[in-house]
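Peer 1: When you get a sec, could you give me coordinates for this:
(one chain, ligands or ions: 1)
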Amino acid sequence: MNENIKDKVVIITGASSGIGEATAKLLAQKGAKVVLGARRTEKLKTIADEIQADGGQAVYRKLDVTKAEDNDAIIALAKETFGGVDAVFLNAGIMPNAPLSALKTDEWHQMVDVNIKGVLNGVAAVLPTFISQKSGHILTVSSVAGLKAYPNGAVYGGTKWFVRDFMEVLRMESALEGHNIRTATIYPAAINTELLEDITDSGMAEQMGSLYQRYGISADRVASVVAFAMEQPADTNINEFTIGPTAQPW
Ligand code: NDP
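Peer 2: Numbers count the residues shown, from 1 in each chain. Have a look, this model is predicted:
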């Protein structure tokens, strides 16, 4: 087991499915103590039970990332249960893509709330702890839509471009201020998860569904990237990863 993962306390947001679930299971197998957050607690319970049955350590808590108090509470749970926090994987996100002309303004605001404010809340909740202990690792999931513009994904892409900029400045400021905090931003392409279930535009659901059916790869692949980032020595920050199906051209 890698010493940079074994016994490390890792909070994972959006741990009830997809990339978050796969990452929780992989890190727990590698000896991390995982703290799972999402809104669907019944799913979290099943995942925590599976991890424990496999010999790992996991606790969970209801977490709505849009609520600052929920983010504070999951940090408190990690400290109460495992005595601290070493890393947070701010993974929760939604992607109800549609053309702008469909004017799905409620969904625009939901994406801003979850994908942007959720990351801000998560960072705000953990930063005082990481600053005072002069160590910590903050990992997030942007998207290839945070690197390139895609029609029908203006707002989703905008939230993911935000994550890219925010994480780079967080990395720079942490280094400038001597806080010794590592950061990593992951830019996945098509990964088979529950993400497309958020899409309410029928044309978009069909189009993206066939793209994912053709190209999509397993969420385990992204979990391996999270583990790789964490496995590096404490003086080494691998801060950006793009990952997607070999066969996917864009
Ligand atoms: P899933 O839909 O499987 O997982 C999304 C997770 O986010 C769920 O656990 C969900 O849990 C959680 N979530 C949603 N809203 C909230 C909220 N308000 N508070 C707390 N948790 C919330 O999709 P993925 O695993 O694919 O998504 C994970 C991340 O990866 C997202 O940020 C997504 O944008 C990003 N991504 C995914 C790609 C892909 O192709 N799959 C490509 C690029 C990026 P619950 O509903 O229980 O709260």
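
Peer 1: helix/strand/coil for the spatially most distant residue from the centre of the chain?
Peer 2: Computed with C-alpha atoms, centre = their mean, the maximum C-alpha offset from the centroid of the chain is found at Ser101, amounting to 29.2 Å. Recorded secondary structure, Ser101: helix (DSSP: H, G, I helix; E, B strand; the rest coil).

Peer 1: what about Ala219, neighbour count?
Peer 2: By other C-beta atoms under 10 Å, the residues close to Ala219 number 22. (Glycine included, C-beta is placed from N, CA and C.)

Peer 1: Now the element after the top strand by length along the chain, going C-ward?
Peer 2: Identified as the longest strand of the chain according to DSSP state E is strand 181-188. With elements assigned by DSSP states H and E, the helix or strand that comes after strand 181-188 is strand 191-192.

Peer 1: buried ones in the helix or strand following that next one?
Peer 2: Downstream of strand 191-192, the next assigned helix or strand under DSSP H and E is helix 202-215. The neighbour-count check on helix 202-215 (16 or more other C-beta atoms under 10 Å) flags 204-205, 208, 212, 215 as buried.

Peer 1: For the protein, list the residues in contact with the ligand, please.
Peer 2: The chain has residues 13-20, 38-40, 63-66, 91-95, 114, 141, 143, 188, 190-191, 193-195, 219 near the ligand, with proximity defined as C-beta under 6 Å from any ligand atom.

Peer 1: Any of those residues buried? List them.
Peer 2: Neighbour counting by 16+ other C-beta under 10 Å classes 13-20, 38, 63-66, 91-95, 114, 141, 143, 188, 190-191, 193, 195, 219 among the residues of the chain next to the ligand as buried.

Peer 1: Which stretches in this protein count as strands?
Peer 2: Taking DSSP E, the strands of the chain run over residues 9-13, 33-38, 57-62, 87-90, 136-141, 181-188, 191-192, 217-218, 240-243.
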